[in-house]
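Novice: with the input below, show me the fold.
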Amino acid sequence: MLNEQLIDIEKKLLRLSDCETPQIFRKGLSIMTMQEWRAFLLERCYLKEDKRHFGFEGDLYNSDWWEISYQPEKASSYAYSNTMQPLHTDNAWFQDPAEINFFVMWKQAPKGGAQLILPLSRLLETMAHDAPALLSDLRSIPVVIKKGESSYSNNTTIITNEMKPKIYWNYYRTLRTSKEIDLMCEGFWRYLGTIVNSNLVEKLYCQSGDCFAFNDTLLLHGREAFEAELPSERVLYQSMWKL
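Specialist: The predicted structure is shown next:
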């Protein structure tokens, strides 16, 4: 591989430190194997690997890659279903989350399965116009986000008030410790449902062998429904990295 190509890939990945736009590497598995991509992120980009993953039963384990695949017997979880996955962030339940998610589309479904991308700045702009009270709540009401029985949890506002705001959102994992929090979460869930099919949300479709990465704290993402009948008709691998 030409060094110029490696330099370009490195620049695109490091750009994610403050960029809301996903970086896509078409036919990425023809550029490097999964093992070589992992080594590149470690040794060339100097990213720190975060191996914390929650399994289907909610148990925490360490793994280089997490498999997200169609598994009918586990279809109660979005990760293993072929249904639409709502807008969310992946690491909301960690106080010290990995910012960068790197994905390998090992096998795409015959039809459907596009990633849904909503940049945070775009969300803030549209909410400031048509849902200012809800936006104020999201930026001011503290919540606890937790998954499974591990000791990990995130005490935060759903949207932070930093100079560069971040978002931590998982509808199902935000603890409803007060009526105020419950009303806010239900309101945000409904609001996202009204815009998910609008032109505010971008669609990123990857073919088998493509790779892509994004900053999990600077956007919401989801997935379109896809066609699949047999187990593993769609397989996506994910790894997580800290800046």
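Novice: what's the weakest-modelled helix or strand in the protein?
Specialist: strand 60-62 (a mean of 89; mean pLDDT, DSSP states H and E).
Novice: give me the contacts around whichever helix or strand comes after it.
Specialist: Once the chain leaves strand 60-62, the next helix or strand it forms, by DSSP states H and E, is strand 66-69. Outside strand 66-69, the residues that touch it by Cβ atoms under 8 Å, 6 or more residues apart in numbering are 53, 79, 80, 231, 232, 234, 235, 236, 237, 238, 239. C-beta: built from backbone N, CA, C; applies to glycine.
Novice: what separates the last one from residue 59, distance-wise?
Specialist: Right, the one you point to is residue 239. Using Cβ to Cβ, to the nearest Å, residue 239 is found at 19 Å from residue 59.
Novice: of the two, which one has the most company?
Specialist: residue 239 (24 against 11; other Cβ atoms under 10 Å).
Novice: bridge partners for that one, pull those for me.
Specialist: Listed by DSSP bridges, the beta-bridge partners for residue 239 are residue 102.
Novice: isn't it up against residue 90?
Specialist: No - contact criterion Cβ atoms under 8 Å: residue 239 and residue 90 do not qualify, at 11.2 Å.
Novice: if I look at these two, which residues touch both of them?
Specialist: By Cβ under 8 Å, 6+ apart, residue 239 and residue 90 have these common neighbours: residue 101.
Novice: and the nearest residue to residue 227 once chain neighbours are set aside, how many neighbours?
Specialist: Spatial nearest neighbour of residue 227, chain neighbours left out: residue 111 (4.4 Å); criterion: Cβ to Cβ, 6 or more residues apart in numbering. Counted by other Cβ under 10 Å, the residues lying close to residue 111 total 10.
Novice: i'd like the first residue to be 893 from this point on
Specialist: In the new numbering, first residue 893, that becomes residue 1003.
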